[in-house]
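Trainee: Sequence and predicted model, in that order:
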Amino acid sequence: MIKQLLLDRTFLILLLIINTFGTIYGYIWYEGQLVITPAKFLIFVPDSPTASLFFVIFLLFFIMGKNVPYIEALAIVTLFKYGTWAVVMNILTLVVSGDLSWSGYMLIASHGAMAIQGLLYSQFYKIKMKHLVVAGIWTLHNDVIDYVFGMMPRYSTLSEYMNQIGYFTFWLSVVSIGIAYFLSVKKNNIMYNNR
């Protein structure tokens, strides 16, 4: 039943519209940080909207009955990573400050949905190891840009915890790559070998 829903054309178009608007909103949310970001780092700063952009591209091709494995690999890894990361950071903000704005709760809900949708569609990805390697390099390189060059998203309440957040983010990247491997590469290899 869930698989039928995920393949339903109306549902896919609705998901495409929601993710397109979410992606646009995400880039707008980063506007203040982007205007002070050196040009060479611009592509690496808006993490979540870029992750949802990968998913939008996947959906466009998926609706047309085509696969784009490099985009699929980037989508599953980054959707899970940045979806989970934003949920954890907003909960941490609530714990540290004792308060969270309505937008913080909205970010928890929307980013939680981001992480889940990337995993739900993993059964349709055609990812091979070479695709995951590229996604892994992109993701770990992004961590270096964020936490070595100081381009990470701004959470002023959590500024004193940046070293710990950087450490957590690195391992979250590793876990995200591992999940993508087990849900796509390994599964696809098993299916291919069982034919």
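Mentor: Perfect, I can see it now. Numbering: from 1, shown residues only.
Trainee: and the residue nearest in space to the middle of the chain, what does it touch?
Mentor: For the chain, Leu79 is the residue whose C-alpha lies nearest the centre (CA atoms, centre = their mean; 2.1 Å). By CB atoms under 8 Å, 6 or more residues apart in numbering, Leu79 lies in contact with 51-52, 54-55, 114-115, 117-119. Backbone N, C-alpha and C define where each C-beta goes, glycine included.
Trainee: helix/strand/coil for it?
Mentor: Of the three states, Leu79 takes helix according to DSSP: H, G, I helix; E, B strand; the rest coil.
Trainee: gap between it and Val96?
Mentor: 26 Å (CB to CB, to the nearest Å).
Trainee: re earlier: once you drop chain neighbours, what's closest to the residue nearest to the centre of the chain?
Mentor: With CB to CB, 6 or more residues apart in numbering as the criterion, Leu79 has its nearest non-adjacent residue at 3.1 Å, and that residue is Gly118.
Trainee: what about the one you found, neighbour count?
Mentor: 29 (other CB atoms under 10 Å).
Trainee: can you check Thr50 too?
Mentor: Residues near Thr50, counting by other CB under 10 Å: 20.
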